[in-house]
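# Structure for this input, please:
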Amino acid sequence: MTEVSPKKSTQQQIEDSPPTLEPPAPPPKLRPYQVDLVNDLYRKLNEGHKRIAIIAGTGAGKTVISGQICAHAESAGRKLMFLVHLDVLVGQTYEKMRSFGLDCGFIKAGWPENPDAPIQIASIQTMAKRRWWKTWPADVVFYDEGHITMFSQIGKQVMHKTHADAVHLVMTATPLRLGREQLGDVLDTLVASPIPSELQQMGYLAPLKYFSLPTDSMANLEDVGTKGGDYDEKDLKTACDRPELVKRIVEEWQRLVPGKRTIAFCVDVEHARNVAKQFRKAGITADTVDGNTPIKERKRLYQALGDAELLVLTSCNVISIGFDEPSVEVGLMLRPTKSSALHFQQLGRVMRISPHTGKHYGIILDQAGNLERLGFPEDIQEYTLPTRSQSSGQGGPAPTKPCPSCGRVVYSFIVRCPECGHQWVKDRPIVLEDMVEIYSREQAHQINDTDILIDLYHGCRRRTFKRNYAPPLADNDFLYKTGRKPKIEWCKGSIIGHNPSWEEKISFFDYLQRHARRYSNDWVAREFEKEVGPGSWQQFAMHEGMAQA
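This next block holds a predicted model:
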């Protein structure tokens with residue numbers, strides 16, 4: 001028996017009513033890899049698997065793939081329940097279903113309920129207030145954004161109690177999630193689209209350029225607490241919603257990407273509004289969307305962004321999921337996170353292709369340090385189902401780092417090396433330096449421009465010097481990032497410049513002396529001449545009254 005929804009205001013009824021839609025477009029044609037993925041899914045089902053992850057990264061066409069699966073289920077006489085985690089996603093899902101000519105009912109406040117329809121689009125927000133779905137005879141349950149819906153209270157109830165015998169298909173772009181529970185602990189197997197770098201090579205995803213602040217210039221997160229596995233928003237606000245940082249990102253936008261359509265991922269609503277306000281103060285059209293923005297207003301803002309009437313749209317946890325405006329060229333990463341899922345969702349908003357607007361690539365300006373913390377999409381090598389035992393509880397495997405003193409690889413959160421006792425410096429003051437271009441390992445391995453390689457190597461050398469690590473660590477860092485060894489002649493001027501003062505030479509000598517005990521007697525002289533130039537050591541040693549090593 002269908003339950004009666006509580007009375008709503010006229011405004012709520014207007015916003016919650018199914019949208020007035022134009023006649024549906026012809027069903028979309030699947031790309032070759034999408035056809036392969038669907039066929040892989042059916043092979044898994046024929047093998048007897050009943051709990052399957054469908055992993056398709058942002059831009060791989062999740063809605064088209066899911067629509068095709070739903071169409072096949074309906075044509076085979078199956079009943080399917082399609083779970084979404086937000087009420088606002090019901091309309092977007094329905095539009096895709098209509099393009100496949102599917103007959104849908106809804107479990108969503110204010111929308112018509114029709115238990116006889118073979119497909120039910122169900123918001124887990126509304127399902128908590130309904131009961132009739134518990135006995136609805138679903139043969140298949142489809143979990144959209146499955147890393148969220150499957151682990152919700154309703155999702156767990158559907159999978160393990162009310163519909164335990166159904167086939168469960170869990171769609172996600174980001175299998176890694178916050179918290180201990182992971183997809184691999186619940187599901188049998190997976191099927192997947194090509195990884196992001198392959199989709200970029202095929203022309204289905206836009207390549208990305210990355211800019212980030214030098215490590216020591218980012219917000220200090222040492223005192224930021226953790227809540228629910230991610231950084232606590234109250235502490236993050238103190239660290240990130242600072243006038244000097246907000247002003248700086250606007251200045252960097254004007255320097256690096258002026259005039260380009262931009263979305264900004266912020267800590268909270270007030271932070272999002274402060275960022276938009278600073279852009280407007282600089283004469284740049286900007287606005288904010290948040291969880292309380294009505295659906296029609298959201299659509300108006302998205303349309304204005306697509307038409308370039310609006311250049312910057314800021315948000316907090318609204319345009320990470322369900323936002324689809326391919327023309328967006330720039331993503332501002334202003335909210336530090338520990339979640340791989342959130343990180344790659346945000347990057348994915350800028351990776352969609354848009355040839356008709358002249359978009360050739362996307363650009364990321366990372367003020368949050370998320371790229372350094374969680375990685376680049378091009379560096380994903382394969383998709384797997386993570387398990388609790390493999391997860392750090394932070395949305396993915398714990399990142400690691402090499403000890404600069406002994407080379408032992410340890411977890412990134414370690415502050416004292418268990419092998420040699422080296423301690424990592426924790427304090428990082430805010431230094432408002434310019435952003436510099438950075439590269440994923442996949443990108444860096446393909447660089448053939450010698451000038452760029454020299455710049456990258458100089459960056460490795462400067463970081464090593466600044467952190468007081470031994471110089472050879474810069475070579476190891478460069479080899480790891482680019483897949484090649486640096487040339488000796490690239491060293492000159494990398495740390496103290498091509499025309500160093502005598503004081504700078506003394507500073508560099510003192511730096512070498514601090515590490516000299518690990519190396520041969522002539523090591524200091526060789527390292528000094530690599531940086532300052534041939535013959536420089538003898539002149540320096542004579543001036544300082546030292547015997548030549």
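# Now residue 174. Nearest residue, chain neighbours left out?
residue 341 (3.8 Å; CB to CB, 6 or more residues apart in numbering). No exception for glycine: its C-beta is placed from N, CA and C like everyone else's.
# isn't the one you found right up against residue 177?
Yes: taking contacts as CB atoms under 8 Å, residue 341 lies within contact range of residue 177: 5.2 Å.
# Who has more neighbours out of those two?
Per other CB atoms under 10 Å, whichever of residue 341 and residue 177 has more neighbours is residue 177, with 26 against 23.
# Against residue 488, how distant is the more buried one?
For residue 177, the distance to residue 488 (CB to CB, to the nearest Å) stands at 46 Å.
# Also residue 503?
Distance from residue 503 to residue 488, by CB to CB: 25 Å.
# And residue 105, by the same measure?
Distance, residue 105 to residue 488, by CB to CB: 71 Å.
# what about these two, which has more around it?
Under the neighbour definition other CB under 10 Å, residue 105 and residue 488 were set side by side, and residue 105 has more, 21 against 11.
# In three-state terms, how would that one be classified?
strand (DSSP: H, G, I helix; E, B strand; the rest coil).
# Contacts for the helix or strand where residue 526 lies, please.
Using DSSP states H and E, residue 526 falls within helix 523-532. For helix 523-532, contacts defined as CB atoms under 8 Å, 6 or more residues apart in numbering pick out 471, 488, 491-496, 500, 505, 508-509, 512-513, 516, 535-537, 540-541, 548-549.
# who's in contact with residue 310?
Contacts for residue 310 (CB under 8 Å, 6+ apart) come out as 285-287, 301, 304.
# Can you verify residue 452 is assigned to a helix?
Yes: Residue 452: assigned to a helix according to three-state DSSP.
# which ones are touching it?
If a contact means CB under 8 Å, 6+ apart, then residue 452 has no contacts.
# Could you do residue 33 as well?
Residues in contact with residue 33 (CB under 8 Å, 6+ apart) are 60, 193-194, 202.
# Okay, domains of this structure per the record?
The chain breaks down by automatic domain parsing into domains covering 16-195, 200-381+399-411, 447-543.
# would you list every one of the helices in the stretch 1-150 of the chain?
Under the criterion DSSP state H, counting those that start in this stretch, the stretch 1-150 of the chain contains helices at 10-16, 32-46, 62-75, 89-99, 124-127, 146-149.
# Pick the most deeply packed of these.
Of the helices of the stretch 1-150 of the chain, the one with the most neighbours on average (mean count of other CB atoms under 10 Å) is helix 146-149, at a mean of 25.
# now for whichever helix or strand comes after it, which elements pack on it?
Using DSSP H and E, the helix or strand that follows helix 146-149 towards the C-terminus is helix 153-157. On a contact count with 3 or more CB pairs under 8 Å, 6 or more residues apart in numbering; DSSP states H and E, helix 153-157 meets helix 124-127.
# Can you list the low-confidence ranges for the stretch 101-250 of the chain?
178-179, 214-220, 222-223, 228 (pLDDT under 70).
# Could you export stretch 239-253 as CSV, keeping only the C-alpha atoms?
Extracted as CSV, the C-alpha positions of stretch 239-253 are listed here (Å, rounded to 0.1, in the frame of the first residue of the first chain):
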residue,chain,number,x,y,z
ALA,A,239,43.4,27.0,8.5
CYS,A,240,42.0,27.8,5.0
ASP,A,241,39.4,30.5,5.2
ARG,A,242,42.0,33.2,5.7
PRO,A,243,41.8,36.6,3.9
GLU,A,244,45.4,36.3,2.6
LEU,A,245,44.8,32.8,1.1
VAL,A,246,41.5,33.8,-0.4
LYS,A,247,43.0,36.9,-1.9
ARG,A,248,46.0,35.0,-3.2
ILE,A,249,44.0,32.4,-5.1
VAL,A,250,42.2,35.2,-6.9
GLU,A,251,45.5,36.8,-7.8
GLU,A,252,46.8,33.4,-9.1
TRP,A,253,43.6,32.9,-11.1
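# Got phi/psi on residue 130?
phi -120, psi 160 (degrees, to the nearest 10).
# give me the number of residues near residue 175?
As a burial measure, residue 175 scores 24 neighbours (other CB under 10 Å).
# my guess is it contacts residue 150, does it?
No: applying CB under 8 Å, one finds residue 175 not in contact with residue 150, separated by 11.0 Å.
# shared neighbours, those two?
What both residue 175 and residue 150 touch, as defined by CB under 8 Å, 6+ apart, is the set residue 183.
# closest to residue 259 out of the helices of the stretch 1-150 of the chain?
helix 89-99 (29.0 Å; CB to CB).
# quick check: mean pLDDT across the closest one?
Helix 89-99 shows a mean pLDDT of 86.
# Could you list every helix and strand in contact with that helix?
With 3+ CB pairs under 8 Å, 6+ apart as the test, helix 89-99 has helix 62-75, strand 80-84, strand 104-107, strand 119-123 packed against it.
# run the last query once more with 10 Å
Where contact means 3 or more CB pairs under 10 Å, 6 or more residues apart in numbering; DSSP states H and E, helix 89-99 is packed against helix 62-75, strand 80-84, strand 104-107, strand 119-123, helix 124-127, helix 295-306.
# Could you pull out the buried residues of the last one?
Right, helix 295-306. By neighbour count on 16 or more other CB atoms under 10 Å, the buried set for helix 295-306 is 298, 301-302, 305-306.
# for the residues you listed, which one is nearest residue 247?
residue 305 (22.6 Å).
# And what about the closest residue to that closest one other than its chain neighbours, helix, strand or coil?
In space, and not counting its chain neighbours, residue 305 is closest to residue 313: 5.2 Å by CB to CB, 6+ apart. Following three-state DSSP, the label given to residue 313 is strand.
# how near is residue 313 to residue 501?
Using CB to CB, we find residue 313 at a distance of 48 Å from residue 501.
# Looking at these two, which has the bigger crowd around it?
residue 313 (27 against 10).
# quick one on the thing from earlier: got TSV for the helices and strands packed on helix 89-99, with distance to residue 208 too?
Below are the helices and strands packed on helix 89-99 laid out as TSV (distance: least, CB to CB, whole Å):
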stretch	distance to residue 208
helix 62-75	19
strand 80-84	28
strand 104-107	36
strand 119-123	32
helix 124-127	32
helix 295-306	19
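# which stretches of the stretch 151-300 of the chain form helices?
With helices called from DSSP H, counting those that start in this stretch, the stretch 151-300 of the chain shows them at 153-157, 196-202, 233-240, 243-256, 269-281, 295-306.
# how far away is the residue lying closest to residue 138 once chain neighbours are set aside from residue 297?
Closest residue to residue 138 apart from its sequence neighbours, by CB to CB, 6+ apart: residue 81 at 4.2 Å. Distance of residue 81 to residue 297, computed by CB to CB: 30 Å.
# try residue 467
According to CB to CB, residue 467 stands 48 Å off from residue 297.
# how far out from the middle of the chain is stretch 140-158?
22 Å (CA atoms, centre = their mean, to the nearest Å).
# Can you show me the CA trace of that stretch as CSV?
This file holds the C-alpha atoms of stretch 140-158, laid out as CSV (Å, rounded to 0.1, in the frame of the first residue of the first chain):
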residue,chain,number,x,y,z
VAL,A,140,18.2,-6.2,-9.4
VAL,A,141,19.3,-3.4,-7.1
PHE,A,142,21.5,-0.8,-8.7
TYR,A,143,23.5,1.5,-6.4
ASP,A,144,24.5,4.8,-8.0
GLU,A,145,27.5,6.4,-6.3
GLY,A,146,27.8,3.0,-4.6
HIS,A,147,30.7,4.0,-2.3
ILE,A,148,28.0,6.1,-0.6
THR,A,149,24.6,4.4,-1.1
MET,A,150,25.8,0.9,-0.4
PHE,A,151,27.2,1.8,3.0
SER,A,152,24.2,4.0,4.1
GLN,A,153,21.8,2.6,6.6
ILE,A,154,19.2,2.1,3.9
GLY,A,155,21.8,0.5,1.5
LYS,A,156,22.9,-2.0,4.1
GLN,A,157,19.3,-2.9,4.8
VAL,A,158,18.5,-3.4,1.2
